[in-house]
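**Q** I'll drop the sequence and a predicted model, then ask my questions.
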Amino acid sequence: MTDPELLTMLASEAERRSPTIITGVEELAASGEKDPARIEELRVEAHGLKGAALVVGQERLAELAKLIERFLAGCVDSGRINLASAAAVVTATSAFTEGAQAAAEGVGEPSSVSDSLNALSR
């Protein structure tokens, strides 16, 4: 059983980092601009979510964050984010936040976590 205070901290971390990832991915995908440095910053945010989830034993959320991080890492060289893929990453980032909030509240994992894990694992 994970300490409820740690789960609350994970939810707070998700609330802090997720908007940065979502906004960044949406802006970069919409603009089509090349910005490897910004993509790397977003990857670092996803990496932070992964670490936070691992620390509190939320393996599925850690896996979801890992998939987000992997996607972003794959975009660094081109410096661009594909518009079609961006939607799945935005949805997955929101799902991470929903999952972290559910864990903090002691309720079951939302289906959005599973859906995003499946979507990003393809």
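**A** All right, it came through fine.

**Q** contacts and neighbour counts: CA atoms only from here.
**A** OK.

**Q** Next, the contact list for N82, please.
**A** A29, G32 (CA atoms under 8 Å, 6 or more residues apart in numbering).

**Q** For E63, list the residues it contacts.
**A** K50, L117.

**Q** same check, this time on A86
**A** V25, E26, A29.

**Q** got it, and R38?
**A** R38 touches G24, counting by CA under 8 Å, 6+ apart.

**Q** just checking, next helix/strand downstream of the helix or strand hosting it?
**A** Under the criterion of DSSP states H and E, R38 resides in helix 36-55. Where DSSP H and E defines the elements, the next helix or strand beyond helix 36-55 is helix 59-76.

**Q** Report the rounded mean pLDDT for that following helix.
**A** Mean pLDDT, computed over helix 59-76, is 97.

**Q** likewise stretch 96-103?
**A** Stretch 96-103 comes out at a mean pLDDT of 98.

**Q** quick check, nearest of the contacts of A86 to L117?
**A** V25 (17.9 Å; CA to CA).

**Q** Buried ones in stretch 103-114, by neighbour count?
**A** Using 16 or more other CA atoms under 10 Å as the test for burial, stretch 103-114 gives A103, A104, E109, P110, S112, V113, S114.

**Q** separation between the fifth one and R122?
**A** The gap separating S112 from R122 is 16 Å, by CA to CA, to the nearest Å.
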